[in-house]
Structures are given as structure tokens and as C-alpha cells.
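Student: Sharing a sequence plus its predicted fold:
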Amino acid sequence: MASTTFTLLLIASFAILHRAMAGDPDIISDFLVPSNITPPVDGSFFTYTGMRVIIGEQPPSTFTVLKASMAEFPALNGQSVSYAVLQFPVDTVNPPHTHPRSAELLFLAEGALEVGFVDTTNKLYNQTLQSGDMFIFPKGLVHFQYNCGQTPALAISAFGSASAGTVSIPSTVFSTGIDDNILAKAFKTNVTTIEAIKASLAPKS
């Protein structure tokens, strides 16, 4: 009986480990068509035109992200890939955040960026990138990008998931209803400071 129980636990642990290590689930067809689209599909289904808005336009005045994930581009479902275009005016930042379901491979097309991530031992790995450089942010780790140059910066990020997910640290901590007293204790400060931080992160009317 003990041997049988151990075997079942071992099988269960392997199943859990497999799920923990897996990215997007494998599909058993060439591609997936959403239920709200009637087959057959043509080439337009596999084409995403949402990035055309940046071609020939002036750089934005604030940090801007244009995504091509499964939410915007349904043909990516099951393909384990997505992209984002990041536009950084001078002295703007993509605040510390994580992608729980994928690493991020960033290619800097224009400008300069200071980038970095923090590992699970709280060690910071940072680098100043120039146009043409690439940088990898490991899956699930907190990371950031900052335009430290004198001109706007343009970067393209690739993800190994059709839905990498983004958890913004500032908004997750200060804009989701966590009690002010808990945050004050966690950050070893007072409620007045926490309230001021929350107010600064509130959407501007």
C-alpha cells in the first residue's frame, strides 16, 4: 500500500512539475481559429495591421506600448509567440514589472536605454544599450527600461508566449486596494506617505 501511495505521489509530482515548466500548451492542429470566426480563413486572419499607426508618425509624448498578443491578434493562439513595440520619449521609463508567462527578448532599434532586472537573490543586472543591441529579461523576474539618451528610443520585444502577461509593480502594489496600514508597515513608512504615492499614481482627469 505504501509503495502504491508513493508511486501515485511521484506521478502527481511529475505532472505538477511539467505544468510548472510548460509555456503555452501545445496544439494538435496547424493553428486555432476562434469560435466567433467562421472557417475557412484566408491570409487576412494571419495578418496584423495594428502597428501601422507608428509608421511615419512623430514619436509620442509619453511612454507607449503597442502589443501584438493573442488579445489583439487571435491567430497567435497556440503559436507561443507575441511582440510589443515600445516607444520612449526622452527621460521616460517603463516602470518595474514582470511577465509571468514568458521571458522577453528586447531589440533596441533607435536611441539608448538603461535596462535591468533583479533575480531571486535580489541581485541587479543592468546595462546601457545602444541602437542595435539586444537584452534578455528572464521569465517572471522584475525588470525595467529607461530612456537615458538625448533622443526618443524605439524598441521591439519578442515573447515566447501568445499571452505573456504584464504585472506592473507600482500599480499592483498601490492601485489594487491593499490596505494603507499594511503597505505602511511593509515599506516601513507612514500612511500619509502611502496615500501620497497612491494619489500620484491615480489616473489624471
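Tutor: Noted; the coordinates are in hand. Every value quoted in this text rests on a predicted model; they were computed, and no experiment measured them.
Student: In the chain, where is pLDDT below threshold?
Tutor: Low-confidence segments of the chain (pLDDT under 70): 1-23, 205.
Student: Would you map the strands across it?
Tutor: 64-68, 82-88, 93-98, 104-110, 112-118, 124-130, 134-137, 142-146, 153-159, 167-168 (DSSP state E).
Student: Check which helices and strands the last one sits against.
Tutor: If I follow you right, that is strand 167-168. strand 93-98 (3 or more Cβ pairs under 8 Å, 6 or more residues apart in numbering; DSSP states H and E). C-betas here are computed from N, CA, C, even on glycine.
Student: Give me the buried positions along the strand it packs on.
Tutor: Buried residues in strand 93-98, counted by 16 or more other Cβ atoms under 10 Å: 94, 96-98.
Student: re earlier: for the strands of the chain, give me CSV that also has distance to residue 54.
Tutor: Shown next, in CSV, are those (distance: least, Cβ to Cβ, whole Å):
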stretch, distance to residue 54
strand 64-68, 7
strand 82-88, 6
strand 93-98, 16
strand 104-110, 11
strand 112-118, 17
strand 124-130, 20
strand 134-137, 20
strand 142-146, 17
strand 153-159, 8
strand 167-168, 22
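Student: sorry, back to before: quick one: which of the buried residues of strand 93-98 is nearest residue 118?
Tutor: Among the buried residues of strand 93-98, residue 96 lies closest to residue 118 (Cβ to Cβ), at 8.2 Å.
Student: Grab the nearest non-local neighbour of the closest one.
Tutor: Using Cβ to Cβ, 6 or more residues apart in numbering and skipping residues adjacent in sequence, the residue nearest residue 96 is residue 169, 4.3 Å away.
Student: Check residue 89 too.
Tutor: Take residue 89 and drop its neighbours on the chain: the residue closest to it by Cβ to Cβ, 6+ apart is residue 152, 5.5 Å away.
Student: you'd agree the one you found is up against residue 111?
Tutor: Yes: Residue 152 is within contact range of residue 111, at 5.9 Å (criterion: Cβ atoms under 8 Å).
Student: overlap in contacts of those two?
Tutor: residue 88 (Cβ atoms under 8 Å, 6 or more residues apart in numbering).
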